[in-house]
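Peer 1: With the sequence up front, the predicted model follows.
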Amino acid sequence: MVSWQIGNNVLEIVQGDITEQDTDAIVNAANSRLAPGGGVCGAIHRAAGPKLAMACAQIGGCPTGEVRVTEGFNLKAKYVFHAVGPVYRGAPEDAELLASCYRESLKKAVEMGLASISFPAISTGIFGYPIREAAEVALNCIAEFLRTCSAGLKVRMVLFSKPDFEVHREVLHHLMSGREG
């Protein structure tokens, strides 16, 4: 684990399974239909149980860059934030849509009075976002948000694979060495 104090907030990077996180909320790398899928989305739906898919079906869908919230059902987390990241095309708006997933999730967590939230590397699976570029967008967005946040929020990036964890660790190290927390 790598940890960085930003004001009275904390940003952590861990290697692990997002479905096992004991944070108040976990973020699902969702598709726009909020339907069960593969990768992180499939793992979260399997761990949460069938009520998650029913709750998502009642919501109906979510545009790219936005977030919808459901209960966590059988997960340790009380809530699941469904963030729809962009399918990577190499276009300038890809980074803004990806950043919006993180920013909107963080805003929602603060609005709801949550103390902690865990994120996966949104859009880096089947949506094809290159891991280093995605890590730079995610960590810069989270750090920027936490610099202006007084909520005492713990934000955890949860990377399933060792290579993805290492990329995020390197990006965070670069970010930390370039700025004071």
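Peer 2: Looks like it arrived, so ask away.
Peer 1: G42 against P36, yeah?
Peer 2: Yes - in this structure, G42 is within contact of P36 by Cβ atoms under 8 Å, at 6.0 Å. To be clear about C-beta, it is placed using only N, CA and C from the backbone, and glycine gets the same treatment.
Peer 1: So the two - more neighbours on which side?
Peer 2: Remark: of G42 and P36, P36 carries more neighbours, 19 against 13, as counted by other Cβ atoms under 10 Å.
Peer 1: Let me see the contact set for that one.
Peer 2: G42, H45, R46, L52, A53 (Cβ atoms under 8 Å, 6 or more residues apart in numbering).
Peer 1: Near the third one, how many other residues are there?
Peer 2: Read it as R46. Applying other Cβ under 10 Å, we find 13 residues neighbouring R46.
Peer 1: Pull out the buried positions in the helix or strand hosting it.
Peer 2: R46 is part of helix 39-48, with elements assigned from DSSP states H and E. Buried positions in helix 39-48, judged by neighbour count with 16 or more other Cβ atoms under 10 Å: V40, C41, A43, I44, H45, A47, A48.
Peer 1: contact partners of that helix?
Peer 2: Residues external to helix 39-48 that are found in contact with it (Cβ under 8 Å, 6+ apart): 17-19, 26, 28-31, 36-37, 52-53, 72-75, 80, 120, 125-126, 160.
Peer 1: Among those residues, name the ones in helices.
Peer 2: Among these, the subset assigned to helices under DSSP state H consists of L52, A53.
Peer 1: Would you list the buried entries among the contacts of helix 39-48?
Peer 2: Of the members of those, the ones counted as buried by neighbours, 16+ other Cβ under 10 Å, are 18-19, 26, 28-31, 36-37, 52-53, 72-73, 75, 80, 120, 125, 160.
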